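Asker: Pasting the sequence and the predicted coordinates here, then a few questions.
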Amino acid sequence: MRATDTMGARIADVPATVRASGIADDANADAPIVDRDVASLGRAAGGPSGTEYTVRAVPTPGVILGRITGGSPRDTSITPTHDLAVCRPFSQSIVPSRNGGVGNGVVWLVGVASGPRDDAPRRVKLTLDGCRLEPRVQRVAVGSTVLVNGRDAMMSRLQFTAAGETRSRTTVLLSDVGQIVPTSDATSAPALVQVTDDMHPWVRAWLVVAPHPYVAVTGADGEFHFDNVPPGRYTLVAWHERLGVKQTKVRVEAAVQTRLEVAF
């Protein structure tokens, strides 16, 4: 169905008929990320392998304006079992939500072979402080450097494991307060990378290594947008660590705003 906004631009509304999978009952469960829809982030570009993306101008691009809904503010209470001098009980917002939106969600398009250069950060921080990792979810560029900063007086062994891969991409050992360990191994290829701690199973974070610019991490309002999208038909995938995975087909037309809502 199409509508017209007050500025006269055409808008395409996409019904949210989507499929759910991979829902985790426990936000701190140790289950590996094996869902094929999640692994699709690593093959979201063009070509037979899904890994070919060419930087070029898009003459008459479309725009996607979207929102992930179905959220409500949910805090997870964590009660550490050891290293209690550092790891005290705390609450963490796994599903930040405002007005029904879903925060900390990741959205990406599958099948985009060309478009503008990705502006994802090439240098990011991941901090272990108070026995938890921050930020919980962040978007990074392929080959970017992750500065892992340990602020806790304890031993930690962080593993960086990508969806669809059986072995950790890299291991970072932390032992001293103020220690900073740079690594680019975790971002060697596009993927959703889970960060865990062998010694503290409640410690968790996610790196979204983007294959192209059409990848977003949502705020508490659940909103996302993709500019300069080449006209075509794509699959849009939405993921959240607590809520699971949903996907839908989307058609982008030249000079058209395509609006969609993905409801968990």
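Answerer: Received the coordinates, thanks. Just so you know, these numbers come straight off a predicted model, no measurement behind them.
Asker: can you list contacts of stretch 193-205?
Answerer: Outside stretch 193-205, the residues that touch it by Cβ atoms under 8 Å, 6 or more residues apart in numbering are 27-28, 30, 32-33, 78, 80, 82-83, 87, 126, 128, 131-138, 154-163, 169, 186-187, 206-209, 241. To be clear about C-beta, it is placed using only N, CA and C from the backbone, and glycine gets the same treatment.
Asker: try stretch 66-82
Answerer: With Cβ under 8 Å, 6+ apart as the test, stretch 66-82 has contacts from 27-28, 87-97, 100-103, 105, 107, 131-132, 200, 202, 218, 221-225, 236, 238, 240, 242-243, 259-264.
Asker: Filter those residues down to the ones in strands?
Answerer: Of the contacts of stretch 66-82, the ones assigned to strands by DSSP state E are 90-95, 107, 132, 223-225, 236, 238, 240, 259-263.
Asker: re earlier: keep only those of the contacts of stretch 193-205 that are in strands.
Answerer: Taking DSSP E, the ones among those that sit in strands are 78, 126, 128, 132-134, 137-138, 156-162, 206-209.
Asker: Now restrict these to buried residues only.
Answerer: For these, a burial check counting by 16 or more other Cβ atoms under 10 Å picks out 78, 126, 128, 132-133, 137-138, 156, 158-162, 206-209.
Asker: Spatially central residue (nearest the centroid) of this protein, please.
Answerer: Nearest to the geometric centre of the chain sits V106, at 3.6 Å (Cα atoms, centre = their mean).
Asker: Hmm, it is touching A216, no?
Answerer: Yes: V106 is within contact range of A216, at 7.3 Å (criterion: Cβ atoms under 8 Å).
Asker: Having no further points to raise, I will conclude here.
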